[in-house]
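J.: model this:
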Amino acid sequence: MRNLLKTRQSEVGVDSTTAPDAPITASTWDVSTDTLICAFGPSQDGVVELTRVTQTGESTLITEWEALPEDDSPTAADQIVSLRYLPDTSSICVLFASGNIVLVREDPVVEVEILGCIDSGISAAAWSPDEEVLAITTKAPGLLLMTREFEPIIEVPFTSEDLKASQHVSVGWGKAETQFQGKHAKAQGLRDPTVPEKIDSGKLSDQDDGQITITWRGDGAYLAVSVVENHERRVIRVYSREGQLDSASEPVDGLESPITWRPVGNLIASVQRRPDRVDIVFFERNGLRHGEFTLKTGEKTPSTQLKITSMFWNGDSTVLAICLADRLQLWSMGNYHWYLKQELILQSADNKCGFFWHPEKPLKFAITASTLVKFSSFVWNTATGPFVPPNDYGIVGVVDGDKLKLTPMRIANVPPPMSFCDADLDGTPVDIAISPSSTRIAVLRNKSADLVDWGFKPRKEPQVTRNIVQTDKAAAFRQICFVSEDVVCLLGENNAGHSILRCFTLEGPERLSQDETHELQTSICALKTAGEVGGVLCEEENGNVFRYSFSEKTAYPVCKLPAACPWIQPGTLEEQIVVFGLTENGRLYANERLLASSVTSFSVTNAHLIFTTSHHVIKFVHLTSDVHDLEVPSDDAAGDERCRNIERGSRLVCVMPSKFSLVLQMPRGNLETIYPRALVLAGVRRSIEARDYKKAFLACRDNRVDLNLLHDYAPSQFLECVELFVQQLKKVEHIDLVLSQLREEDVTKTMYRETLAPTTTVPAVVGTSKTADGNKVNTICNAFIDVLRRKYLSKHMQNIITAYVCKTPPDHESALNLIATLKGKELYEQAITHICWLSDVNKLYDTALGIYDLDVAIMVAQQAQKDPREYLPFLQSLQEMEELRRRYTIDDKLGRYFKALKSLYEMGPEHFEESRSYTIQKELYTDALQLYKYEAEHLKTIMRDYASFLHSMNCFREAGFAYEYLSEHSLAIECYQTALLWRECLFLASSSNVPASSLKELAESLAESLLESKEYQNAATIYTDHLEDIPAAATALCKGAHYADAMRTVVLKNQPALLESLIDPLLREAFASTSELLAECRGQLTAQTARIAELREKNAIDPLAYFDGTTEADAPDNVSLAPTNASTSGGTLFTRYTGASLGTAQTGVSRKTSKNRRKDERKRARGKKGSVYEEEYLVNSIRRLIERVQSVHDDTQRLVEALFRRGMRESAAALQGMVKELLAMLEGCVGDVFKQQQLLSPSLLEDGILQQEEAARKVEVPVIPAFEGLSLL
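T.: Residues are numbered from 1 along each chain as shown. From the prediction side, this is the model:
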């Protein structure tokens, strides 16, 4: 879908300084200086001159010398056969037909050296692409291969035996005889498809010039030679680089001398002249034909007058240049069709022109005439229409000779080489432009311009108005664009080499109202319309971009691009023009800012910059308020609507924002229309802001966008516009689709996050999706129910039912109650059918029973296709019951036990025993207590049953409360005692006149139980207040480390002697046990931290030995670890510890069985020394040690204080020192022991290698508490 656009052209007049009569006879590119070296002569005097020519018009004489004549006579003149610049030696090699080989050296001084002579003469010569081998055909005839030092490699004569090198056999692939023809073909006579209808004998063309031509393959491995064999036929011989004959072409009638090998190596192009046409034919390396196409020259030129002088492929094999006597044609191929893209008319007087592709710039070439050199540069460009709705029809114009192929992608995606329609022109276009309305196409040809009118409403065929403008002979125009709908601008150069702009206004189909020419004192490479601002954007070759106003005849600077960009497109940010430019090496700029590299194509819409990259992604950049705010997404932006993967090599053709689509062209030529999320969501958001919910809904439905976006993008607006939403969508099934897809997720924060950075003015319609009650789905459904039930009950009954069912949880009961009101109407059965289709019919049947409407239940059962024997007897029995008994039966069947109990309660007091039995059966005690709370006797009965139930369930606390409420004190005391509620128990026992001995026994039992539960203070309270056993109370408090309370208690009870006799020994005992504990912790910490350091050092030095333990010292370390089928399907070194191979790790599934897991848990718990679990065991052991220290922290603090108070200062100081020393050791090692690292430990790899990072993140460093101590110590 691309055309060739000329970005630069220049003409340079060159004359020989020593021989003015000598024309340019040969040329070659000097890539190092990007200049053309031209050879003049030999003149009549035998003088040869070499001149270097630049594109700016400068020419420099290199050298000149006198060439020897062919026959050594003063009247004979030699000819230059080959001219080649060798950059690595800064020399020029010139080969003459006489056989002389001349080398001209430029560095350090110009020196001309005749290296030798081939006696038989030279008929053709060609250097290999790497300039290492020189191929020469002699007039003997034969082939001579030489090195770059001109040493012979091999000399091969041309013989008739060469024709037997290839035994060509055709099996008829691609011919009609090998294709399926249907049953009608059986009636025709069968023939052998391997035998062609006409066999060519290789008849020589009448216009064959007898020349020998040589061409090399792009990699230099093979070369082909076209030569006439015995004046009978022309043969293409293929030789290897070493001079071995590889193949000879099959006989082809009318084959002529031009030949060129495609650099990629698959085809050799040549010319075949037929009686009525001239074909370009292709050969494979084995000599067999492989396709062809017919040359296009127009009706005025008969095929007999066509003379093809030469053919050349460009460097990247995309363009085939065919040189004719009066013109140059540039052909390209796409989708197996050959397009004539450009046709340049040659003005040489003697019709002898030279053509030379630039070796490194694929679309740059030079044409030489007698005393003239033309430089031309092209780029591939897609001619598309506007991307602004509503005129974004996606029109693409493709040049194919005198036919302009037009396709509106918005109407029909017609794959090339076909097109939606063709416009017949009088010649091959130079450039085309499409108007802002997409109804006009301006076509620039060599000396005129055409206008194509093409309408869509109503649709009509293109009407071509030819020659609306005759271009000036003194100017060469190369680009065209529409300034506005009626104003067209041409870009070209005048004779002075300055760019000129010609602007004309279209007043009618064939009439111009204004025609002006504006000369610019600069060279322009790109021309684009400036849009609504007016005028055109022009880019200079140095990257300067300015806007030229035709009305003011003034140029206004816009920006300076960092490099020349053949492709530019304007955009508008805050009413300021921004120029997006793409360089030939793929760098995309926005004014001076570099946005991306490796870009292959781009387009600009009102909202987005869209571009493709060589990394096979297409990206969307929101056009914000400033160039510096443009945010380009990364290639791996997962979940980002602005980035999408595309097929390798895809290029952007056109964008159609109104259809949320764009068209990509694959490398092989076919087209693909895609609907990117960025365009679709942008369109949906615009429609929601405009409250056009129908357009937004259709876009979401067609592109499978979650319909929750209709609400989540503007929740408040949506709830306000529910009635408008219903009026716009109208169709019941559309509203049902929206309701059925509702869910609580806010899609604007998950899958459809807004990627456009918020500006200072945020649209008021956009808000949070959180509703008042926090339930989005129910809020929306209720809003629809309110609107539909109020105004659209009959038309949208189905939608109302859907809204009820889609609530969370589904409100089947309300839906069935609504349906019940439709009995006797046509909608009744339809509503039943619809709700049965939406819901689980078994649950729906239960709900129908739950509303106590047996008619609805029968209808639901029938729609559910239940067996009548399953439900009819039950429903008949219900019909015979009284109302409350029926409700009780239904609720009991549906498991609604409270409602069933309530129905029994409403039946009256005579049914109390039944109600009591039902309460006990279903354990409905709390519900029964609520029902009978005003009936004292019944309440006590239920309470007694409940207390008995709680006692049986070991809920002694509440059972005790219940028995106390019922004044059953003995049972209550028993329950309190079991629950260790000592206060309630002793209170009730004391107030119930329990004997003193029994009360004492009860208190002693409670105290012992509390001591076993380590509730020392509670036990001490019982000993003090109820048993008056002060020594026992003090002992209990000391066991709980409440030394201050113990000392206070003995003094309070007037027993101070217990301080020395009881409390001091207990303090010494606590000091001894605590000291022993701290010493044990210190020793454990020292040993385990040293072992952990040793293990980690071993792991760092030799991980394989650490985990496997079997690695030998001389084990090879150069074994490849690249994954193979065998290695990835089985286990790895760590599989036996991780339980996961590479495959299971990637899926997150472990292959371990529960038995293996239990076995590993036992190994891990033991932490055997030397095992892989040892380090993990040691780390966890230190963690447990820290927890142990934390547990005795407060007790130790109180012990130190008590020792100091009791005069044991030395013990207190020693204990405080031990505690602080241990805490300091912990503080110093905890950072190293619990450092954040990825241990290849089995616990971290329990469920696969992929959980390694997550496990490492979960490592928490324990906090070491600070010990306050006593400053007095």
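
J.: what residues go with each domain of the protein?
T.: Split into domains by automatic domain parsing, the chain comes to 685-809, 813-880, 1072-1109+1135-1257.

J.: which one of those lies closest to P152?
T.: When these are compared by C-beta to C-beta, domain 1072-1109+1135-1257 sits nearest P152, at 58.8 Å. Quick note: C-beta positions are derived from backbone N, CA and C, even for glycine.

J.: what mean pLDDT does the closest one have?
T.: Domain 1072-1109+1135-1257 shows a mean pLDDT of 74.

J.: Format the domains of the chain as CSV; extra columns: distance to T624.
T.: Shown next, in CSV, are the domains of the chain (distance: least, C-beta to C-beta, whole Å):
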stretch, distance to T624
domain 685-809, 6
domain 813-880, 45
domain 1072-1109+1135-1257, 36
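
J.: okay if I get those as JSON lines plus mean neighbour count?
T.: Below are these laid out as JSON lines (neighbours: other C-beta atoms under 10 Å):
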{"stretch": "domain 685-809", "mean neighbour count": "18"}
{"stretch": "domain 813-880", "mean neighbour count": "16"}
{"stretch": "domain 1072-1109+1135-1257", "mean neighbour count": "16"}
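
J.: And these: which comes nearest D431?
T.: Here domain 685-809 is closest among those (C-beta to C-beta), at 34.2 Å.

J.: quick one: contacts of stretch 40-54?
T.: Residues external to stretch 40-54 that are found in contact with it (C-beta atoms under 8 Å, 6 or more residues apart in numbering): 12, 14, 16-19, 21-25, 30, 33-39, 59-69, 77-80, 92, 94, 96, 104, 373.

J.: what comes up buried for it?
T.: Going by neighbour count (16 or more other C-beta atoms under 10 Å), the buried part of stretch 40-54 is 40-43, 46-54.

J.: Between which two of these is the distance greatest?
T.: Every pair of the buried residues of stretch 40-54 checked by C-beta to C-beta; the farthest is G46 and T54, at 28.1 Å.

J.: State the mean pLDDT of the one helix or strand D945 maps to.
T.: Using DSSP states H and E, D945 sits within helix 936-952. Averaging pLDDT along helix 936-952 yields 93.

J.: quick one: the following helix or strand past that helix to helix 936-952, angle?
T.: Moving toward the C-terminus from helix 936-952, the next helix or strand (DSSP H and E) is helix 956-965. Per axes from the mean of the first three to the mean of the last three C-alpha atoms, to 10 degrees, the angle that helix 956-965 makes with helix 936-952 is 150 degrees.

J.: quick one on the thing from earlier: quick check, nearest of the buried residues of stretch 40-54 to L1059?
T.: Nearest member of the buried residues of stretch 40-54 to L1059, counting by C-beta to C-beta, is T54, at 113.9 Å.

J.: I'd like the distance between the closest one and V373.
T.: Counting by C-beta to C-beta, to the nearest Å, the gap from T54 to V373 is 10 Å.

J.: now swap in Q1197 and tell me
T.: For Q1197, the distance to V373 (C-beta to C-beta) stands at 100 Å.

J.: repeat for N1099
T.: N1099 sits 73 Å away from V373, going by C-beta to C-beta.

J.: Spatially nearest residue to S814 (excluding sequence neighbours)?
T.: Among residues not flanking S814 along the chain, Y804 sits closest, at 5.3 Å (C-beta to C-beta, 6 or more residues apart in numbering).

J.: so the one you found touches I785, yeah?
T.: Yes. Contact criterion C-beta atoms under 8 Å: Y804 and I785 qualify, at 6.9 Å.

J.: Go ahead and flag the most central residue of this structure.
T.: Nearest to the mean C-alpha position of the chain, by C-alpha atoms, centre = their mean, lies R644 at 3.8 Å.

J.: Note down every partner strand of the helix or strand encompassing that residue and its orientation.
T.: Using DSSP H and E, R644 maps to strand 643-645. Partners of strand 643-645 in the sheet, by DSSP bridges, are strand 617-622 (antiparallel).

J.: just the CA coordinates of the partner strand, formatted as PDB?
T.: Coordinates of each C-alpha in strand 617-622 appear next as PDB, following Å, rounded to 0.1, in the frame of the first residue of the first chain:
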ATOM      1  CA  VAL A 617       4.400  -3.600  19.000                       C
ATOM      2  CA  ILE A 618       2.000  -0.800  18.200                       C
ATOM      3  CA  LYS A 619       1.900   2.100  20.800                       C
ATOM      4  CA  PHE A 620      -0.500   4.900  21.500                       C
ATOM      5  CA  VAL A 621       0.600   8.200  23.000                       C
ATOM      6  CA  HIS A 622      -2.100  10.500  24.300                       C
END
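
J.: ok, residues contacting it?
T.: For strand 617-622, the external contacting residues (C-beta under 8 Å, 6+ apart) are 595-596, 607-613, 630-633, 635, 641-646, 650, 652, 664, 676, 678-679, 755-757.

J.: just stretch 684-703 next, same as before
T.: 660, 675, 680, 683, 705-707, 709-710, 713-714, 717, 721, 724-725, 728-729, 734, 737-738, 763, 765.

J.: do that again at 6 Å, thanks
T.: Stretch 684-703 is contacted from outside by Y675, V680, G683, L707, L710, Y713, A714, F725, Q728, L729, P763, V765, using C-beta atoms under 6 Å, 6 or more residues apart in numbering.

J.: among those residues, which are in helices?
T.: V680, G683, L710, F725, Q728, L729 (DSSP state H).

J.: if we take the residues you listed, which one ends up nearest to V281?
T.: V680 (48.1 Å).

J.: mind listing what R274 touches?
T.: Going by C-beta under 6 Å, 6+ apart, R274 touches G254.

J.: average model confidence for stretch 412-429?
T.: If you average the pLDDT values across stretch 412-429, you get 92.

J.: on that earlier part again, so what strands line up beside the helix or strand just after the strand holding R644?
T.: Going down the chain from strand 643-645, the next helix or strand is strand 651-656, by DSSP H and E. The strands that strand 651-656 pairs with in its sheet are strand 661-665 (antiparallel) (by DSSP bridges).

J.: coming back round to it: ok, and what's touching the helix holding D945?
T.: The contact list for helix 936-952, computed with C-beta under 6 Å, 6+ apart, reads F912, I920, Y925, A928, L929, Y932, E958, A959, A962, Y963, L966.

J.: which of those tops the neighbour count?
T.: Ranked by neighbour count under the definition other C-beta atoms under 10 Å, the contacts of helix 936-952 are headed by A928 with 28 neighbours.

J.: Endpoint to endpoint, stretch 427-437 covers what distance?
T.: Terminal residues of stretch 427-437 are spaced 25 Å apart (C-alpha to C-alpha, to the nearest Å).

J.: just how off-centre is that stretch within its chain?
T.: 35 Å (C-alpha atoms, centre = their mean, to the nearest Å).

J.: Next, the buried residues of it.
T.: For stretch 427-437, burial by neighbour count (16+ other C-beta under 10 Å) applies to G427, T428, P429, V430, D431, I432, A433, I434, S435, P436, S437.
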